[in-house]
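K.L.:
how does the following fold in three dimensions:
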Amino acid sequence: MAGSSTADAPAFYFDLFSPEAYLAAERVLQVLPVSAEWIPVSASGLAGADTLEGFRCETDREAFFERIERVAVRRGLQPMRWPDPFPFDSAFAMRAATYAKQIGRTVPFAQAAFRQAFAGGRDLSVPDNVLIAAAACEMHPNAVTKGAGLTSIAKRLDEVTALAARRGVRDVPAVWIPGGEVFHGDDALDQAALALAA
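P.N.:
Predicted structure coming up:
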């Protein structure tokens, strides 16, 4: 089934609000030596997640933005365009991502949505911006709107987030590998790749 998880496959966990998850999503397919299952989770349901709302001061916030922008430039990505407001509420977008997973479109939808947010500067709390990403990967807007509104989809997102937490996922992005190791953050993708290749 398209929406089911494979217990013996590596997993790439993400939330569309996270610019660090965006950076990881742009290279995870090339860095890991085996395919990972892309799994949308709600970062707010993870005990250690940084929701990017608690910067100590404006200087810390600016330093964070500058670090992400430098990494994007170094990797040859489009210049970062920050959504306004940022961080945005990703609840609708993550239900849409969960629906995309149910129909086997997780990766193209997530990539399109991340790019809408961080290359296009669009706020993914606005459903129309999410639907633009869905249309880019041939998901019909009406189907996405209906799917994201289903109680069963919201429940599935909660269940998958809870499973991620039980697996030791504390924040996004994260790569879980069979055997139980979890690698958190964009910078940890290389370590995850080494562990998978061992």
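K.L.:
okay, and for the chain, where does confidence drop off?
P.N.:
1-7, 54-56 (pLDDT under 70).
K.L.:
what segments of it are strands?
P.N.:
Here the chain has its strands, by DSSP state E, at 11-14, 37-40, 174-176, 182-184.
K.L.:
can you show me the helices along this structure?
P.N.:
With helices called from DSSP state H, the chain shows them at 19-25, 28-31, 58-74, 91-102, 106-118, 127-136, 141-148, 151-166, 189-197.
K.L.:
so which of these comes closest to I39?
P.N.:
With respect to I39, and counting by C-beta to C-beta, the nearest of the helices of the chain is helix 151-166 at 6.0 Å. In this view, the C-beta of every residue, glycine as well, is placed from N, C-alpha and C.
K.L.:
next, the distance between the ends of stretch 144-156.
P.N.:
15 Å (C-alpha to C-alpha, to the nearest Å).
K.L.:
now swap in stretch 179-197 and tell me
P.N.:
13 Å.
K.L.:
and the closest residue in space to R170 that isn't next to it in sequence, how far from V182?
P.N.:
Excluding its sequence neighbours, the residue lying closest to R170 (C-beta to C-beta, 6 or more residues apart in numbering) is G48, at 3.3 Å. Distance of G48 to V182, given as C-beta to C-beta, to the nearest Å: 11 Å.
K.L.:
list residues touching both of these two?
P.N.:
Listed as contacting both G48 and V182 by C-beta atoms under 8 Å, 6 or more residues apart in numbering are R170.
K.L.:
just to revisit the earlier point, let's have the strands of the chain in a markdown table, adding mean neighbour count and distance to D60.
P.N.:
Below are these laid out as a markdown table (neighbours: other C-beta atoms under 10 Å; distance: least, C-beta to C-beta, whole Å):
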| stretch | mean neighbour count | distance to D60 |
| --- | --- | --- |
| strand 11-14 | 26 | 23 |
| strand 37-40 | 22 | 28 |
| strand 174-176 | 25 | 23 |
| strand 182-184 | 20 | 20 |
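K.L.:
compare the ones you listed and give me the one nearest D158.
P.N.:
Of all those, strand 37-40 comes closest under C-beta to C-beta, at 11.5 Å.
K.L.:
what sits up against that closest one?
P.N.:
5-6, 9-16, 25, 94, 97-98, 100-101, 106-107, 110, 157, 160, 164.
K.L.:
do that again at 6 Å, thanks
P.N.:
Contact with strand 37-40 is made by T6, A9, A11, F12, Y13, M94, A97, T98, T106, V107, A110, as judged by C-beta atoms under 6 Å, 6 or more residues apart in numbering.
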